[in-house]
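# Okay, structure incoming, though there's no sequence with it:
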C-alpha cells in the first residue's frame, strides 16, 4: 500500500510479481458525481452529471497512466480500481463510457494509456490473467534456454562422434599392426625351426 516511486509520486497499491516486476494499482476514484447522477430525477441534470462522471473517469485514467514506469520496474500497464460494480457495469454496456462523439473510455484507457479498469469482482480475474501470462512467459523463456542447451549438446555429441571415429581408425590401425607383427613373429618361428633342423 502507498508505494512510492523515485520522484516521490505515490500509487495507492503495488503488487509485486515474479522477476521483481511491480503492478501499480490506483484506487482514488470518487463516486460522488456518479451517485448524484444515479439519484437525479431531472434528465438535464443527469446529462450534466454524466459529463462530469466521464471527465472524472478520463482524469483518473490519465492519472493512473503516470504510474506506468517500466524504467522503475513496473509492468507496461496499470490497474485502475473502481469501487463500484454498477459504475463498472455502466462502463461495460456503454451507458457511461460513450455518448455522442466521445470515445469508449475502456478503449481509451487500454489502447492509449495502457490502463486496465477493474472492479471489486473483476480485479482477481484480471490479476489471475496477468499471473498466468507471466507463467507462460517464464515457460517460454525456459523453453528457449532448453533449446540453447540442446543445441550445445548437439555440438558436443558431434565433436565426441568425430573423436570416437578418429580413435576407431587409430585402433583399427593398431590392430592391423598387431596382426601384421604376429604374422611376422610366426615367420620368425618357422625360420628358427628350419635353422635348428627341426620339422615345421
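Received the coordinates, thanks. The model shown is predicted, which means the values in this text are computed figures rather than measured ones.
# Mind giving me the packing neighbours of the lengthiest helix in the chain?
Assignment by DSSP state H gives helix 123-195 as the longest helix of the chain. Applying 3 or more CB pairs under 8 Å, 6 or more residues apart in numbering; DSSP states H and E, one finds that helix 123-195 contacts strand 78-81. From N, CA and C alone the C-beta is placed, and that goes for glycine too.
# Quick check: which helices or strands does whichever helix or strand residue 117 is part of pack against?
Here residue 117 sits within strand 115-118, counting by DSSP states H and E. Counting contacts by 3+ CB pairs under 8 Å, 6+ apart, strand 115-118 is packed against helix 43-65, strand 78-81, helix 85-92.
# In CSV, list the ones you listed along with mean pLDDT, mean neighbour count and distance to residue 104.
Listed next are the helices and strands packed on strand 115-118 as CSV, based on pLDDT from 0 to 100; neighbours: other CB atoms under 10 Å; distance: least, CB to CB, whole Å:
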stretch, mean pLDDT, mean neighbour count, distance to residue 104
helix 43-65, 90, 16, 11
strand 78-81, 94, 24, 15
helix 85-92, 81, 17, 9
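# Distance to residue 36 for these - can I get that in JSON lines?
Below are the helices and strands packed on strand 115-118 laid out as JSON lines (distance: least, CB to CB, whole Å):
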{"stretch": "helix 43-65", "distance to residue 36": "5"}
{"stretch": "strand 78-81", "distance to residue 36": "21"}
{"stretch": "helix 85-92", "distance to residue 36": "12"}
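# Residue 22 is nearest to which of the ones you listed?
strand 78-81 (9.6 Å; CB to CB).
# Any chance you could list what contacts the closest one?
Under the contact criterion CB atoms under 8 Å, 6 or more residues apart in numbering, strand 78-81 has outside partners 11-12, 23-27, 29, 60-61, 64-65, 67-68, 109, 114-119, 123, 126-127.
# Which among the residues you listed count as buried?
11-12, 23-27, 29, 60-61, 64-65, 67-68, 109, 115-119, 123, 127 (16 or more other CB atoms under 10 Å).
# Noted, bye for now.
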